[in-house]
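1. just coords:
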(Lines give C-alpha, C1' and ligand atoms only; values in the text may rest on other atoms or scores of the structure.)
Protein backbone atom coordinates (compact mmCIF):
# COMPACT_ATOMS: atom_id res chain seq x y z
CA UNK A 1 0.00 0.00 0.00
CA UNK A 2 1.07 3.56 -0.59
CA UNK A 3 -0.17 6.83 0.98
CA UNK A 4 0.72 10.45 0.18
CA UNK A 5 0.27 13.62 2.17
CA UNK A 6 0.27 17.14 0.74
CA UNK A 7 0.68 19.83 3.35
CA UNK A 8 1.88 23.36 3.87
CA UNK A 9 4.33 23.40 6.76
CA UNK A 10 5.57 26.45 8.65
CA UNK A 11 8.42 27.21 10.98
CA UNK A 12 8.71 30.48 12.90
CA UNK A 13 10.82 32.12 15.57
CA UNK A 14 10.66 35.54 17.20
CA UNK A 15 12.74 37.61 19.56
CA UNK A 16 11.86 40.84 21.34
CA UNK A 17 14.14 43.47 22.81
CA UNK A 18 14.10 47.13 23.81
CA UNK A 19 15.91 50.14 22.39
CA UNK A 20 17.87 51.97 25.08
CA UNK A 21 16.80 55.54 24.30
CA UNK A 22 17.65 58.29 26.75
CA UNK A 23 14.67 60.46 27.65
CA UNK A 24 16.25 63.72 26.58
CA UNK A 25 12.95 65.11 25.29
CA UNK A 26 9.34 64.26 26.19
CA UNK A 27 8.32 60.73 25.04
CA UNK A 28 6.15 62.02 22.18
CA UNK A 29 9.04 63.99 20.69
CA UNK A 30 11.45 61.08 21.12
CA UNK A 31 8.94 58.82 19.36
CA UNK A 32 8.68 61.27 16.44
CA UNK A 33 12.47 61.43 16.09
CA UNK A 34 12.63 57.64 16.15
CA UNK A 35 9.85 57.36 13.53
CA UNK A 36 11.67 59.77 11.25
CA UNK A 37 14.95 57.87 11.51
CA UNK A 38 13.24 54.51 10.93
CA UNK A 39 11.37 55.83 7.87
CA UNK A 40 14.72 56.85 6.43
CA UNK A 41 15.85 53.25 6.83
CA UNK A 42 12.96 51.68 4.95
CA UNK A 43 10.44 51.17 7.75
CA UNK A 44 6.76 51.86 7.08
CA UNK A 45 4.28 53.14 9.62
CA UNK A 46 1.26 50.94 10.33
CA UNK A 47 -2.17 52.27 11.30
CA UNK A 48 -1.36 51.67 14.99
CA UNK A 49 1.82 53.78 14.77
CA UNK A 50 4.19 50.80 14.86
CA UNK A 51 7.02 50.83 12.32
CA UNK A 52 7.57 47.67 10.23
CA UNK A 53 10.11 46.52 7.66
CA UNK A 54 10.06 43.19 5.82
CA UNK A 55 13.39 41.68 4.83
CA UNK A 56 12.40 38.56 2.90
CA UNK A 57 11.07 36.01 5.39
CA UNK A 58 11.95 38.32 8.28
CA UNK A 59 9.83 41.08 9.75
CA UNK A 60 11.27 43.78 12.02
CA UNK A 61 8.75 45.75 14.07
CA UNK A 62 9.57 48.77 16.25
CA UNK A 63 7.11 50.53 18.55
CA UNK A 64 8.40 54.13 18.72
CA UNK A 65 6.33 54.89 21.82
CA UNK A 66 8.04 52.36 24.09
CA UNK A 67 11.10 51.31 22.05
CA UNK A 68 10.06 47.66 21.83
CA UNK A 69 11.68 45.80 18.92
CA UNK A 70 10.38 42.50 17.60
CA UNK A 71 12.14 40.43 14.94
CA UNK A 72 10.18 37.52 13.49
CA UNK A 73 11.34 34.86 11.05
CA UNK A 74 8.83 32.73 9.16
CA UNK A 75 9.60 29.90 6.75
CA UNK A 76 6.94 27.93 4.94
CA UNK A 77 7.06 25.13 2.43
CA UNK A 78 4.56 23.00 0.53
CA UNK A 79 5.58 19.36 0.75
CA UNK A 80 4.40 16.05 -0.58
CA UNK A 81 5.29 13.11 1.60
CA UNK A 82 4.97 9.50 0.58
CA UNK A 83 5.03 6.26 2.57
CA UNK A 84 4.81 2.62 1.45
CA UNK A 85 4.19 -0.60 3.36
CA UNK A 86 3.58 -4.18 2.43
CA UNK A 87 1.40 -6.60 4.31
CA UNK A 88 -0.12 -9.98 3.67
CA UNK A 89 -3.67 -10.97 4.52
CA UNK A 90 -5.67 -14.11 3.88
CA UNK A 91 -9.39 -14.41 3.53
CA UNK A 92 -9.58 -18.09 4.48
CA UNK A 93 -7.71 -18.10 7.83
CA UNK A 94 -6.21 -15.39 10.04
CA UNK A 95 -6.74 -11.65 9.60
CA UNK A 96 -8.90 -10.66 6.67
CA UNK A 97 -7.50 -8.51 3.90
CA UNK A 98 -9.77 -5.58 4.79
CA UNK A 99 -8.60 -5.65 8.42
CA UNK A 100 -4.97 -5.78 7.34
CA UNK A 101 -5.57 -3.01 4.83
CA UNK A 102 -7.06 -0.76 7.53
CA UNK A 103 -4.17 -1.39 9.96
CA UNK A 104 -1.59 -0.72 7.25
CA UNK A 105 -3.42 2.47 6.23
CA UNK A 106 -3.34 3.67 9.88
CA UNK A 107 0.36 2.83 10.14
CA UNK A 108 1.03 4.72 6.92
CA UNK A 109 -0.83 7.77 8.24
CA UNK A 110 1.23 7.65 11.44
CA UNK A 111 4.43 7.37 9.38
CA UNK A 112 3.41 10.37 7.30
CA UNK A 113 2.60 12.41 10.42
CA UNK A 114 6.04 11.59 11.86
CA UNK A 115 7.69 12.65 8.60
CA UNK A 116 5.66 15.89 8.63
CA UNK A 117 6.78 16.57 12.22
CA UNK A 118 10.42 16.09 11.21
CA UNK A 119 9.98 18.47 8.27
CA UNK A 120 8.35 21.03 10.58
CA UNK A 121 11.30 20.75 12.96
CA UNK A 122 13.66 21.30 10.03
CA UNK A 123 11.73 24.43 9.02
CA UNK A 124 11.78 25.63 12.64
CA UNK A 125 15.56 25.24 12.69
CA UNK A 126 15.83 27.16 9.40
CA UNK A 127 13.70 29.98 10.81
CA UNK A 128 15.83 30.18 13.96
CA UNK A 129 19.06 30.19 11.96
CA UNK A 130 17.75 32.97 9.67
CA UNK A 131 16.71 34.98 12.73
CA UNK A 132 20.15 34.64 14.33
CA UNK A 133 21.90 35.75 11.12
CA UNK A 134 19.59 38.71 10.70
CA UNK A 135 20.07 39.81 14.30
CA UNK A 136 23.83 40.03 13.72
CA UNK A 137 23.17 42.45 10.83
CA UNK A 138 20.38 44.34 12.58
CA UNK A 139 22.14 45.03 15.89
CA UNK A 140 24.62 47.61 14.50
CA UNK A 141 21.84 49.30 12.53
CA UNK A 142 19.66 49.66 15.64
CA UNK A 143 22.65 51.06 17.54
CA UNK A 144 23.12 53.67 14.79
CA UNK A 145 19.42 54.57 14.99
CA UNK A 146 19.60 55.04 18.78
CA UNK A 147 22.75 57.15 18.49
CA UNK A 148 21.27 59.35 15.74
CA UNK A 149 17.99 59.88 17.62
CA UNK A 150 19.90 60.70 20.83
CA UNK A 151 22.15 63.21 19.02
CA UNK A 152 19.14 64.89 17.38
CA UNK A 153 17.30 65.01 20.72
CA UNK A 154 20.33 66.57 22.45
CA UNK A 155 20.57 69.21 19.73
CA UNK A 156 16.87 70.07 20.14
CA UNK A 157 17.20 70.19 23.92
CA UNK A 158 20.26 72.45 23.66
CA UNK A 159 18.34 74.79 21.35
CA UNK A 160 15.54 74.96 23.96
CA UNK A 161 18.04 75.90 26.68
CA UNK A 162 19.58 78.82 24.81
CA UNK A 163 21.54 79.80 21.73
CA UNK A 164 23.81 77.12 20.31
CA UNK A 165 27.21 78.66 19.66
CA UNK A 166 29.10 75.55 18.58
CA UNK A 167 28.46 71.89 17.74
CA UNK A 168 31.34 69.43 17.32
CA UNK A 169 30.71 65.80 16.34
CA UNK A 170 33.38 63.14 16.07
CA UNK A 171 32.13 60.34 13.80
CA UNK A 172 34.90 57.96 14.90
CA UNK A 173 34.25 58.10 18.62
CA UNK A 174 30.60 59.13 18.44
CA UNK A 175 31.19 62.07 20.77
CA UNK A 176 29.06 65.18 20.54
CA UNK A 177 29.95 68.54 22.05
CA UNK A 178 27.38 71.32 22.12
CA UNK A 179 28.16 74.76 23.46
CA UNK A 180 25.08 76.72 24.50
CA UNK A 181 24.85 80.37 25.46
CA UNK A 182 22.13 80.84 28.03
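-> Happy to help now that I have it. All values reported here derive from a predicted model rather than from experimental measurement.
2. residue 176 contacts residue 154, doesn't it?
-> Yes. Between residue 176 and residue 154 there is a contact at 6.3 Å, judged by C-beta atoms under 8 Å. Placement of C-beta: from N, CA and C, glycine included.
3. residue 153 and residue 167: what is the separation?
-> As defined by C-beta to C-beta, to the nearest Å, residue 153 lies at a distance of 14 Å from residue 167.
4. neighbour count winner among these two?
-> Shown here are residue 153 and residue 167; by other C-beta atoms under 10 Å, residue 153 has more neighbours (20 against 14).
5. got the confidence number for the spatially closest residue to the more buried one that is not a sequence neighbour?
-> Spatial nearest neighbour of residue 153, excluding adjacent residues (C-beta to C-beta, 6 or more residues apart in numbering): residue 24 at 3.9 Å. For residue 24, the model assigns a pLDDT of 89.
6. helices and strands around the helix or strand in which residue 159 is found, which ones?
-> Counting by DSSP states H and E, the element that carries residue 159 is helix 97-161. In terms of contacts (3 or more C-beta pairs under 8 Å, 6 or more residues apart in numbering; DSSP states H and E), helix 97-161 is packed against strand 2-18, helix 27-39, strand 58-63, strand 68-84, strand 163-170, strand 175-181.
7. next, the angle from it to helix 27-39.
-> Interaxial angle of helix 97-161 relative to helix 27-39 (axes from the mean of the first three to the mean of the last three C-alpha atoms, to 10 degrees): 120 degrees.
8. shift numbering so it begins at 9
-> From this message on, residue numbering opens at 9, which makes the last subject helix 105-169.
9. pLDDT of helix 105-169, averaged?
-> 85.
10. quick one: distance of that helix to the chain centre.
-> Its chain's C-alpha centre and that of helix 105-169 lie 6 Å apart, by C-alpha atoms, centre = their mean, to the nearest Å.
11. now the angle from that helix to strand 171-178?
-> 130 degrees.
12. isn't the residue nearest to residue 161 right up against residue 38?
-> Yes. Residue 32 is in contact with residue 38 according to C-beta under 8 Å; the separation is 7.1 Å.
13. who's more crowded, those two?
-> Neighbours were counted for residue 32 and for residue 38 using other C-beta under 10 Å; residue 38 has more, 22 against 18.
14. list the contacts of that one.
-> Applying C-beta atoms under 8 Å, 6 or more residues apart in numbering to residue 38 gives the contacts 29, 31, 32, 72, 157, 161.
15. can I assume the third one sits in a helix?
-> No. If the criterion is DSSP: H, G, I helix; E, B strand; the rest coil, then residue 32 is coil and not within a helix.
16. what residues are up against the nearest residue to residue 116 once chain neighbours are set aside?
-> Leaving aside its sequence neighbours, residue 116 sits nearest to residue 11 (C-beta to C-beta, 6+ apart; 4.0 Å). Applying C-beta under 8 Å, 6+ apart to residue 11 gives the contacts 90, 91, 113, 116, 117, 119, 120.
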